[in-house]
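Student: Whatever this is, show me its structure:
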Amino acid sequence: MLQNNEHEDEDDDLMDISNSLDPVASDISDNDAVVTVVQAVSFSSSSSDAELYDEADSNLFLLFFILNRATSSLFNVLHPVIPFKGCIDPSKPFQCPQSQQCIALQFICDDHPGDCPDSLDENEETCIAAKRLAKENIENFLHAAYTFLFGEKLSKSIDENKIFWFDTLSSAFSVSKSIHSFAEKTFMSSGDLAHFRNIFQLIHDGRLEDIPLFAQEAVNQGLAALVEKLYD
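Tutor: This is a model prediction of the structure:
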């Protein structure tokens, strides 16, 4: 009789735990699963002591798992991850390589390392990028003229994944010191590289009559100047 009373006390304690978990269940939007687990923690009066202890160990583990999920959910609410939107402060327009840190242009290649993580504000590619068009402007040129600039095969790949390719190509334009280094960074095939060189030669020579109308505006607005930076 005493043993049954002890079981009833344990049932009451576990029901208190169940009631306290109701808000947790709603937070993790898994109410049915939580209730099922909490109900499973209740001891059966017909079970032996050994069975009760084994069942208690197992179900307490499940309770800790649920509480941990609830805590993680609360942490995410209190500390949301804010997506990086670029360097929107006009006084700090330059985004450090491999970082979300932004710095003023005068701190790039000023012979004072440390403005960017790992002192990347002083490396060669960063110094090249500081003298090039903004990456966003290069992307605009690519949107307008990529089918003219690149061979048919590469243009087809760009069509299939424009977000990736425009980011990759504009980054390569920003930091490459020559056509050859640009081709290495973008893993160009020999055929694509040959086409790319021919287009660069055409722009370098100023043969606008051979440039399609849809690409002429980009060439006149800065693409030609960018090509000259890479021309070798």
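Student: mean confidence for stretch 190-197?
Tutor: Taken as a whole, stretch 190-197 has an average pLDDT of 91.
Student: my bad, should have said stretch 164-178
Tutor: The average pLDDT within stretch 164-178 is 92.
Student: do stretch 200-215 as well
Tutor: In this model, stretch 200-215 has an average pLDDT of 89.
Student: What residues sit buried inside it?
Tutor: Burial within stretch 200-215, assessed by neighbour count using 16 or more other CB atoms under 10 Å, is assigned to 200, 202, 203, 211, 215. Bear in mind the C-beta positions are built from the backbone N, C-alpha and C, glycine included.
Student: OK, contacts around the closest residue to residue 130 other than its chain neighbours?
Tutor: With CB to CB, 6 or more residues apart in numbering as the criterion, residue 130 has its nearest non-adjacent residue at 4.3 Å, and that residue is residue 108. Neighbouring residues of residue 108 by CB atoms under 8 Å, 6 or more residues apart in numbering: 94, 115, 121, 126, 127, 130.
Student: is it true that residue 197 touches residue 178?
Tutor: No - here residue 197 does not reach residue 178: they are 11.0 Å apart, not a contact under CB atoms under 8 Å.
Student: Between the two, which has more neighbouring residues?
Tutor: Just comparing residue 197 and residue 178: by other CB atoms under 10 Å the higher neighbour count belongs to residue 197, 15 against 12.
Student: what's the neighbour count on the closest residue in space to that one that isn't next to it in sequence?
Tutor: In space, not counting the residues next to it along the chain, residue 197 is nearest to residue 179; the distance is 6.1 Å by CB to CB, 6+ apart. Counted by other CB under 10 Å, the residues lying close to residue 179 total 17.
Student: re the thing from before, I'd like the buried residues of stretch 200-215 as CSV, with distance to residue 169 and secondary structure appended.
Tutor: Formatted as CSV, the entries for the buried residues of stretch 200-215 read as follows, by distance: CB to CB, whole Å; DSSP: H, G, I helix; E, B strand; the rest coil:
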residue, distance to residue 169, secondary structure
200, 14, helix
202, 18, helix
203, 16, helix
211, 19, coil
215, 15, helix
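Student: ok, so of those, who is nearest residue 139?
Tutor: Proximity of the buried residues of stretch 200-215 to residue 139 was ranked by CB to CB; the top entry is residue 215 with 15.0 Å.
Student: Please report how far the closest one lies from residue 227.
Tutor: Counting by CB to CB, to the nearest Å, the gap from residue 215 to residue 227 is 12 Å.
Student: do the same with residue 165
Tutor: Separation of residue 165 from residue 227 (CB to CB): 18 Å.
Student: Okay, strands next: where are they in the protein?
Tutor: Shown for the chain, the strands assigned by DSSP state E span residues 94-95, 102-103.
Student: wait, which of those strands is closest to residue 139?
Tutor: With CB to CB as the criterion, residue 139 lies closest to strand 94-95 of the strands of the chain, at 13.8 Å.
Student: All set, thanks.
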